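Q: whatever this is, show me its structure:
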Amino acid sequence: MQNYSEKELVAKRLKGQLLVIPDMRPIFSHWPSEQNEHYHTVKVIIDKQIAEQPMEDEARTAFYNMNPSLIAARWWPRSSEENYRVLVDLIIWFAYWDDLSESLAADPSTAENLRNATKILGRQSLGLATSEEDIDISNPLILDFRRIGGKIGAAYDEEQRKTFLAHFEKYIDSTRLEGEADLSETLPSLKRYWEVRILTSGMGILLGVTEFAAEVKLPRHIVSSAAYDSLWTTTVVISSIVNDLVSFKKRCVLSSVAILYEQVGNLDAAVQMSVAHLKILVDEFDRTANMLLSKFHLSSEEIESVSKVIDTLRTANTGTLEWSLQAKRYGVCDSITQTGQIEVVL
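A: Down below sits the predicted model:
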């Protein structure tokens, strides 16, 4: 008899089951959900740019299906056209680097070299390198961070650049954990899954440009507060749960939904538990946001800046949902019923 790993057994049990995800839009109905007015103009430019990149046809199709212009348009709907272009390029850079890193999971030495070289690239691009170091990277798509980081760095002061670099390096380092999780034959505990997912989702980099996207600078005592850290983490988990649900057919086993399914033995129950968690987190976000605005001593100008950032974090979450439902990446566009729920056979 063939011996199956825990992951393989879970995948076999899930195969052929009907996945039903209720309409999640009502959960976020009181949050802004918009699309950048420059989306269509920029998408034409970006699609042409992708067509000209030196990559395999499969990778190019994956980028078209991902539609980075739509992610950025939904995440940062109020950004100026110039900043929006930079943010789309950041999405492309991140997606490419993340896929490359993931492809090296079975080659730890090469993966570590990529991580070390990328951290040097990040420090140099943001004007925070302490010494001249050679970069062992020749891939033009990866090296494009020089231009992207330069644009972000030009808008940020030194304090903001150091904060962004810390998030950048934390994500790069965390991909070691992602590689280990991918290679493991067992499912992690839910607690361990979220410890790793919060780091490896890459949202640290993307949320690190929130002030750039909103064109504000937050007071230092807000950025370093436990409340702001909680708001940030809640944003990451909300978007990750939405992603775990919508991408379940594609990613299947290594997700919070699969871990819940393994615990309770029922797919519908696992989905309902995930949706219930979403509702709790949205309420928690709103309480924390209200506390930031009411309990901290802020000038009227600072209140405006904090409010803009809070709404930018909210559109990151509603943007993740809308992009996930509209883009071809997860293939659910044609599986949405008239009631708004998703029905997919695994």
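Q: check which helix or strand the closest residue to residue 89 other than its chain neighbours maps to.
A: Once flanking residues are discounted, residue 89 sits nearest to residue 148: 5.2 Å by Cβ to Cβ, 6 or more residues apart in numbering. (Glycine included, C-beta is placed from N, CA and C.) Assessed by DSSP states H and E, residue 148 sits inside helix 145-155.
Q: right, and the helix or strand after that helix?
A: Counting by DSSP H and E, what follows helix 145-155 is helix 158-183.
Q: for the spatially most central residue of the chain, list the residues it contacts.
A: With distances taken as Cα atoms, centre = their mean, residue 203 lies nearest the centre of the chain, 4.0 Å away. With contact taken as Cβ atoms under 8 Å, 6 or more residues apart in numbering, residue 203 is in contact with 235, 236, 239, 240, 316.
Q: separation between it and residue 124?
A: 24 Å (Cβ to Cβ, to the nearest Å).
Q: do residue 157 as well
A: 18 Å.
Q: who has more neighbours out of those two?
A: residue 124 (17 against 9; other Cβ atoms under 10 Å).
Q: pretty sure the more buried one contacts residue 146?
A: Yes - using Cβ atoms under 8 Å, residue 124 is in contact with residue 146, at 7.3 Å.
Q: residue 321: helix or strand, and which one exactly?
A: Judged by DSSP H and E, residue 321 forms part of helix 300-326.
Q: give the rounded mean pLDDT of the strand or helix carrying residue 245.
A: Per DSSP H and E, residue 245 falls inside helix 226-246. Average pLDDT, helix 226-246: 95.
Q: now do the buried residues in that helix.
A: 228, 230-246 (16 or more other Cβ atoms under 10 Å).
Q: and what of stretch 314-322?
A: 314, 315, 316, 317, 318, 319, 320, 321, 322.
Q: from residue 130, how far out is the closest residue to the third one other than its chain neighbours?
A: In space, not counting the residues next to it along the chain, residue 316 is nearest to residue 75; the distance is 5.0 Å by Cβ to Cβ, 6+ apart. Distance check for residue 75 against residue 130: by Cβ to Cβ, it reads 32 Å.
Q: more neighbours: which of the two?
A: residue 75 (29 against 6).
Q: residue 315 is in contact with the more buried one, correct?
A: Yes - between residue 75 and residue 315 there is a contact under Cβ under 8 Å: 6.2 Å.
Q: so which of the buried residues of stretch 314-322 is the closest to residue 37?
A: Nearest to residue 37 among the buried residues of stretch 314-322: residue 315, at 13.7 Å, using Cβ to Cβ.
Q: surely that closest one meets residue 32?
A: Yes - counting by Cβ under 8 Å, residue 315 does reach residue 32; the two are 5.4 Å apart.
Q: who touches both of those two?
A: Common neighbours of residue 315 and residue 32 (Cβ under 8 Å, 6+ apart) are residue 77.
Q: residues making contact with the lowest-mean-pLDDT helix or strand in the chain?
A: Least confident helix or strand, the chain: helix 248-251 with a mean of 82, by mean pLDDT, DSSP states H and E. With contacts defined as Cβ under 8 Å, 6+ apart, helix 248-251 is touched by 19, 21, 244, 255, 257, 258, 329, 330, 331, 332, 344, 346.
Q: the same query, at a cut-off of 6 Å, please.
A: Helix 248-251 is contacted from outside by 19, 257, 330, 344, 346, using Cβ atoms under 6 Å, 6 or more residues apart in numbering.
Q: show me those residues that map onto helices.
A: Per DSSP state H, helices hold the following members of these: residue 257.
Q: output the contacts of helix 248-251 in a markdown table, with neighbour count, distance to residue 267 and pLDDT appended to each entry.
A: As requested, the contacts of helix 248-251 are arranged in a markdown table below (neighbours: other Cβ atoms under 10 Å; distance: Cβ to Cβ, whole Å; pLDDT from 0 to 100):
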| residue | neighbour count | distance to residue 267 | pLDDT |
| --- | --- | --- | --- |
| 19 | 21 | 6 | 95 |
| 257 | 23 | 8 | 95 |
| 330 | 22 | 17 | 89 |
| 344 | 19 | 11 | 92 |
| 346 | 14 | 8 | 91 |
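Q: make TSV out of the contacts of helix 248-251 and add distance to residue 37.
A: Formatted as TSV, the contacts of helix 248-251 follow (distance: Cβ to Cβ, whole Å):
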residue	distance to residue 37
19	35
257	35
330	26
344	33
346	38
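Q: quick one: which of the contacts of helix 248-251 is nearest to residue 216?
A: Minimum distance to residue 216 across those is 32.4 Å, recorded for residue 330 (Cβ to Cβ).
Q: residues in contact with the closest one?
A: Applying Cβ under 6 Å, 6+ apart, the residues contacting residue 330 are 246, 247, 250.
Q: hmm, try it at 8 Å
A: Taking Cβ under 8 Å, 6+ apart as the test, what residue 330 contacts is 246, 247, 249, 250, 324.
Q: now residue 152: how far from residue 270?
A: Here the criterion is Cβ to Cβ. By it, residue 152 lies 38 Å from residue 270.
Q: I misspoke; the intended subject was residue 135.
A: With Cβ to Cβ as the criterion, residue 135 and residue 270 are 44 Å apart.
Q: more neighbours: the two, which one.
A: residue 270 (24 against 15).
Q: that one touches residue 264, doesn't it?
A: Yes - using Cβ under 8 Å, residue 270 is in contact with residue 264, at 6.0 Å.
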